[in-house]
Each structure stands twice: as structure tokens, then as C-alpha cells.
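Enquirer: Quick one, structure for this:
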Amino acid sequence: MMMKPLSALFLTIILVFSSVKVIVSQEANNEEKPEIITMIFPTYAFQIPGGDLAHRFGNSSSIGSGFLVKTHNNWLLGVDANFIFGSTLKEDSLLNNLLTSDGYVIDESGQYANLNLFERGFYSSVKVGKVIPIFGSNKNSGLMVVASGGYLQHKIRIEVKENNAAQLRGDYKKGYDRLSDGFELSGFIGYMHIGETRLANFFIGLEFVQAWTQNRRSMNFDLMRRDDSKRLDMLSGLKVGWIFPLRKSMPKDFYYY
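Expert: Modelled structure (predicted):
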């Protein structure tokens, strides 16, 4: 007499277990999976100098662009290039050997030359990283961690209006511009969002750049000697990028019943 209730109970358990298994399987099939996405992106960064670079320049900005491929398991591979620009120069003794007692440079007509000094440079690198999904079911978005290695260059840009100061023209100008370059390593940590449209895609986070550089000019004219010292130049700041995915079509949801 007890066999029929027990058989019915076992049958019910098996049916319930099978139903749960089917539901879980369907949900897993419906869950969005990471895509392989090729993307290009423009960037902007506000940067604070560190190390030896902080003794030469103030805060700067950079604009750039790059190319990334996100694999199906959310690895990132790509390259980028960034142009550095700033207007604060801390080496105020740079042109001392050219200045009059009033602190001006005399041009070819005997007048005060109209000149400006700026920070200019760039860095370019090969990148590898990872996107770690942390919010919701969007497996293409999340914590973005990237390491990069490449080349960095910076110098002092000397601009003379009408280019009428012979002592700051051509090769003479190179004796004052402090052109320096070398190997760089950088890291980025932030958030990447790949949405359901081609427009709402971006990343934002903190970037840290460290470069081992050296002056490449044969002579610094103001010091009357060559600068062979090894430099450690650093930049850190907030970086944002707007992503343009190159995939043919946006992901679609498929439902199975």
C-alpha cells in the first residue's frame, strides 16, 4: 500500500528536478555572452607630472586615439598614440644666456622678440588588458584593467612670432628644446561600457605613465654642455575615451520556449 505514494513522490521529485534543470538551461542560453568586438576610440586625459618631469613642466593634457580588439573571453589587445600639450614651463632659466638685462630676447630688427614656450610630446604603446563584468548581465562591460608598453618623447616648444630671432631658429633652437625620449610603461584602471547602441560606448579611469628617458641633443646651449643624465618621467591623471565598435550589427536576444 505504501509503494504507490512513494512512487508518486519519487516521480514528482524527478519531474520537478527536470523542470528546474530546463529552466536554468534556458536562462543560461538567454544570458548575454561576451562578444568579439573590434573598436576604435578617441581619448582625452588631464595629467599631473611626476618624477623629473615635474621639475620641467606643470599640469598638461593629452588627446589621442587607438584600436582595440575585445575577445570572446573579454581580453583586450590593441595599440594607441597620444599627443601631450601644456603651457606651464618651470625651467625659467632656459634662455638666460640670450636675455637682455630687462629679460627679453632681441630679434633681427633690434626689437623685443615675441616668443612663447610650451610643453609638447607624445607617447605610443602596445596594450593588453581585461574587462571584468561586475554590474548586471552585460558581459561586455565592467572593470577595465590595461597594461601598456611603448615609447614616450617630450620637449620644450619654442615659438617666436614671425620667426625673426636668428638665435632661436633651426638648429640653434634645438640647443634649447631639451628633446628627451625613451621606453615607457603605463597602466590604466577604470570602467568600460559597451551598450546596446553604437553611441553609448565609453571608458573612463585613471592612467599612470612612467618613462625612462634621456636628453637626445648633443649640447644644451644655455648650459654649454651635453646632458647625459638618466631621467624618470611620470604622468598620472584621469582619462576618458569614446568607443566606436566596428561590429556589423548589434546583439539580438533569442528566446526559446
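Enquirer: And Leu199, how far from Gln47?
Expert: Distance, Leu199 to Gln47, using C-beta to C-beta, to the nearest Å: 27 Å. For every residue, glycine as well, the C-beta is placed using N, CA and C.
Enquirer: more crowded one of the two?
Expert: Between Leu199 and Gln47, counted using other C-beta atoms under 10 Å, the more crowded position is Gln47 (23 against 9).
Enquirer: three-state assignment of that one?
Expert: Three-state call for Gln47 (DSSP: H, G, I helix; E, B strand; the rest coil): strand.
Enquirer: Who are the contact partners of the closest residue to it other than its chain neighbours?
Expert: With sequence-adjacent residues excluded and distances taken as C-beta to C-beta, 6 or more residues apart in numbering, Gln47 is closest to Gly237, at 3.8 Å. For Gly237, the contact set (C-beta atoms under 8 Å, 6 or more residues apart in numbering) comprises 45-48, 206-207.
Enquirer: Helix, strand or coil: sort out Gly237 for me.
Expert: Here Gly237 is strand, with the state taken from three-state DSSP.
Enquirer: And for Glu91?
Expert: Taking three-state DSSP as the rule, one finds Glu91 in the coil state.
Enquirer: residues near it, how many?
Expert: 14.
Enquirer: Now for the closest residue to it other than its chain neighbours, how many residues are close by?
Expert: Leaving aside its sequence neighbours, Glu91 sits nearest to Arg56 (C-beta to C-beta, 6+ apart; 5.6 Å). Counted by other C-beta under 10 Å, the residues lying close to Arg56 total 20.
Enquirer: Tell me the pLDDT of Arg56.
Expert: Looking at Arg56, its pLDDT stands at 96.
Enquirer: From His72, how far off is it?
Expert: With distances taken as C-beta to C-beta, Arg56 is found 45 Å from His72.
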